[in-house]
Each structure stands twice: as C-alpha cells, then as structure tokens.
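>>> The following block contains a protein sequence and its predicted model.
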Amino acid sequence: MTPQSVNPLLKLVLEFGPLAIFFFVNSYGERWFGVAADQRIFLATGVFIAASLLSLVLSKLLMNHLPRMAIINAVVVTVFGGLTLALHDELFIKLKPTIVNALFGAILLGGLAMGRPLLPFVLDSVLSLDPEGWRKLTLRWGLFFFVLAALNEIVWRQFSTDFWVGFKVWGIMPLTLAFALAQTPLILRHELKEAAEKG
C-alpha cells in the first residue's frame, strides 16, 4: 500500500490517536485509574509515549509506510516524555510542541532560504505544484508552525495543565485543519494539471 492509497480515516486515527489518548487519560485518569489529580499528567505522558510508538508500528504494518512527521514526533514525545517521567517534571512534555513546531518551521523556512522548498519531504506530500506554488505553500506552513510554537508557549505558561492538554486537542488540531483547508485555493491555482491527469 502506497501513501497515496492509504485510507484517510486510518491515517487520521494513526496520526491523532495518540494525542486523543493523551487527552482522555489526563482528563479521566483520576476516575479510571485512581490516580491523584496532580499525577494524571505523568500517567497520561507514559501512555502518550506508548501510543505514539504503537502508532508507528501500526503505520508500518497497515500502510507499509512510516510518515516522516510521525517519526519525528514520536522521537520527540519519547525523549521529552521520558524526561518528564524520569525527572517527575511536567515542563518537558509541555515544551515538546514548542520544539517540534519550531523545528518544522525552521526546516521549512531554512530550506526556502536556500532555494529548496522542503514541504514535500516534511509533509510526505503527494501534491504536484509548480515551483511558485511550493514556495508560497512552504512559506505559509513554515510561518504557521512558528505561530503554533508561540501559542503553545503562551498557553502552558498562562494556564493550568488541564487547560493546556485540552488546548492541544481542541485548539491546535482544529486550527491546523482550518489552516490546511485555507490553502486549497493556492493549491488549486498552482497544481500541475498535466501531472494530475497522468496520475
């Protein structure tokens, strides 16, 4: 099975499933597992690490493909989640979205500055765009990732841990989907029609 033929629902579950599990374990860990309120984030972090790694295994088994963003995300979740558990300090898991988003933003804008849009590599894109389309889309996504990094910093510093966890699921995910949909006109304007017809 190639990336192009993957069921979109399966891809969505594998990519966002670990985050949803993280949210629900943090929200209901006290009720389901009898974990003290101030310890839920640590239980949720451990489950998040396991779910992220399991998602990679399932991606390989079910799709015969490992999405690059999912690999990077799982590595960072494991490293920062591991530090959170080892040092019993939730700061590290809260920094993870900032670092991941800033990393993606830096990769995209850095590649653009060197005249090489890296969006197809970073996002496993199956789009066929003209060079101007790739430049514009790469710039937009690069800036958007930095916006997400800044939002994460604001939320975890100004609000409770429970609010931050909820924001990761009910704030960041809808924002990202809305931003992706908002790029449709640009994609349609710069799509290589002849390449699309051959595919």
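Arrived safely. Everything quoted here is computed from the prediction, not taken from an experiment.

>>> Which neighbouring elements make contact with the helix ranked longest in the chain?
In the chain, assigned by DSSP state H, the helix with the most residues is helix 131-158. Contacts defined by 3 or more Cβ pairs under 8 Å, 6 or more residues apart in numbering; DSSP states H and E place helix 131-158 against helix 91-113, helix 119-123, helix 161-167, helix 173-182, helix 184-190. From N, CA and C alone the C-beta is placed, and that goes for glycine too.

>>> can we see that at 6 Å?
Where contact means 3 or more Cβ pairs under 6 Å, 6 or more residues apart in numbering; DSSP states H and E, helix 131-158 is packed against helix 91-113, helix 161-167.

>>> Give me the contacts around the last one.
Just to be clear, that refers to helix 161-167. Contact with helix 161-167 is made by 23, 26, 41, 155-156, as judged by Cβ atoms under 6 Å, 6 or more residues apart in numbering.

>>> swap in stretch 171-186?
136, 144.

>>> Could you pull out the buried residues of it?
171-172 (16 or more other Cβ atoms under 10 Å).

>>> cool, stretch 88-105 as well?
90, 92-98, 100-102, 104-105.

>>> Below-threshold pLDDT in the protein: ranges please.
1-8, 122-126, 194-199 (pLDDT under 70).

>>> Now that residue 21 has come up, it's in contact with residue 49, right?
No: Residue 21 lies out of contact with residue 49 (Cβ atoms under 6 Å); the separation is 10.7 Å.

>>> give me the number of residues near the nearest residue to residue 22 once chain neighbours are set aside?
Distances taken as Cβ to Cβ, 6 or more residues apart in numbering put residue 48 closest to residue 22, at 4.0 Å, once the chain neighbours are dropped. Using other Cβ atoms under 10 Å, residue 48 has 25 neighbouring residues.
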